[in-house]
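Asker: Sharing a sequence plus its predicted fold:
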Amino acid sequence: MNILQRAEAYVSVLARERVGLSEARWETLKQFCIYILVGVANTGFGYLMYFLAIRAGLVPRVALVVSTSLGVAFNYFTTGRVVFRNKSWSPFLKYLLVQVAIYFGNVALLEWLIRIGLGPLAAQALCIPMVVLGGYLLLRFLVFRNVRA
């Protein structure tokens with residue numbers, strides 16, 4: 001164990017005890033926080049791919065297909081390996097299906113919020129926390145369920 005790992009372990013124990021969580025709940029909370037940080041990086045990667053595709057002269061629809069396709073593979077790698085410590089490509093199909101389910105869940109919630117009177121920006125802003133939490137739970141319990149938090 002190197003010095004950084006020892007420091008992280010020490011800080012982790014102190015923080016967990018301060019908050020009063022069991023070790024299992026602390027590990028789940030840590031994993032969720034890493035999921036959020038990785039999600040921010042994934043979003044940045046997807047936008048960068050979109051930006052580069054537009055700068056290369058692609059029309060927005062094609063640029064979106066390119067950036068989404070590259071983003072799904074990148075996101076699988078980062079979310080799977082960094083958040084859920086998965087090194088295999090075997091759950092990739094499940095991952096894709098969960099991403100499709102998350103998308104359609106987001107669309108359904110977004111359309112409902114717009115129908116009840118919210119504007120599209122406010123509606124999507126309200127969707128984000130639910131989509132993030134739902135995405136984490138689906139990935140943790142359906143796609144990467146054999147990995148401990």
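Answerer: The structure has been received and is ready for your questions.
Asker: distance between stretch 104-122 and the chain's centre?
Answerer: How far stretch 104-122 lies from its chain's middle: 21 Å, per C-alpha atoms, centre = their mean, to the nearest Å.
Asker: So for the closest residue to residue 70 other than its chain neighbours, what's the pLDDT?
Answerer: Nearest residue to residue 70 in three dimensions, chain neighbours excluded: residue 49, at 4.9 Å (C-beta to C-beta, 6 or more residues apart in numbering). For every residue, glycine as well, the C-beta is placed using N, CA and C. Looking at residue 49, its pLDDT is 92.
Asker: Residue 49 touches residue 71, doesn't it?
Answerer: Yes. Residue 49 sits in contact with residue 71 when judged by C-beta atoms under 8 Å, with a separation of 6.2 Å.
Asker: now for the top helix by length along the chain, which elements pack on it?
Answerer: In terms of residue count, the longest helix belonging to the chain (DSSP state H) is helix 23-55. Using 3 or more C-beta pairs under 8 Å, 6 or more residues apart in numbering; DSSP states H and E, the elements in contact with helix 23-55 are helix 3-19, helix 60-77, helix 120-138.
Asker: Mean pLDDT, mean neighbour count and distance to residue 97 for the ones you listed - can I get that in TSV?
Answerer: Output for these, formatted as TSV (pLDDT from 0 to 100; neighbours: other C-beta atoms under 10 Å; distance: least, C-beta to C-beta, whole Å):
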stretch	mean pLDDT	mean neighbour count	distance to residue 97
helix 3-19	65	11	34
helix 60-77	90	16	12
helix 120-138	92	14	10
